[in-house]
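Enquirer: got a sequence here, can you build the structure:
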Amino acid sequence: MDSSESYKNLRSALKSATPPLIAYLGLCMADLTFLIHGNPDQLESGHVNFTKRHLTYTFMNVVRTSQAVPYNIAPRDDIITFFNNFSDYMEEEEMWQRSEQIKPRKKRS
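Expert: Prediction:
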């Protein structure tokens, strides 16, 4: 995924794609953060910034419509059986200990 030009290629691909889509959460959050914090709620005149509201609506509508069409994926018994019989996992404490072995936290002084 090329992040140059604010993900220009990804944005272009998403505009021409047919739902259902899985949006890139990092891009969505960056756009929403910029939209909310980069635009004032009110104009200098004290009026509501309807441009900001319209941009927010447009953003949320794109997210909503990309999720409006359900995926038509048939269940596969072999995959379901694999996950139901999955026994090679670590408990939370074991994962924590392994994480500490790989990358120990810095001790606060």
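
Enquirer: return the per-residue confidence for Ile73.
Expert: Ile73 is assigned 90 on the pLDDT scale.

Enquirer: that one and Arg105, how far apart?
Expert: Using C-beta to C-beta, to the nearest Å, we find Ile73 at a distance of 40 Å from Arg105. (C-beta placed from N, C-alpha, C; glycine too.)

Enquirer: got any ranges where this structure has weak pLDDT?
Expert: Along the chain, segments meeting pLDDT under 70 span 108-109.

Enquirer: all helices of it, in order?
Expert: Counting by DSSP state H, residue ranges of the helices within the chain are 4-16, 25-37, 50-66, 77-84, 92-102.

Enquirer: center of the chain - which residue?
Expert: Leu25 (1.5 Å; C-alpha atoms, centre = their mean).

Enquirer: list the contacts for it?
Expert: Counting by C-beta atoms under 8 Å, 6 or more residues apart in numbering, Leu25 touches no other residue.

Enquirer: again with Asn49
Expert: Residues near Asn49 by C-beta under 8 Å, 6+ apart: Asn39, Pro40, Asp41, Gln42, Leu43.

Enquirer: so, if you compare the residues you listed, which one comes nearest to Ala68?
Expert: Closest to Ala68 out of the contacts of Asn49 is Asn39 (26.6 Å), distances taken as C-beta to C-beta.

Enquirer: the closest one: what's its closest spatial neighbour, skipping adjacent residues?
Expert: With sequence-adjacent residues excluded and distances taken as C-beta to C-beta, 6 or more residues apart in numbering, Asn39 is closest to Lys52, at 4.2 Å.

Enquirer: ok, Val63 to Cys28 distance?
Expert: Computed as C-beta to C-beta, the Val63 to Cys28 distance reads 6 Å.

Enquirer: and Asn49, by the same measure?
Expert: Distance, Asn49 to Cys28, by C-beta to C-beta: 21 Å.

Enquirer: for Gln42, same thing?
Expert: In this structure, Gln42 and Cys28 are 25 Å apart, going by C-beta to C-beta.

Enquirer: over to Pro104?
Expert: Using C-beta to C-beta, Pro104 is found at 34 Å from Cys28.

Enquirer: the more surrounded of those two?
Expert: For Pro104 versus Cys28, neighbours defined as other C-beta atoms under 10 Å are more numerous around Cys28 (15 against 8).
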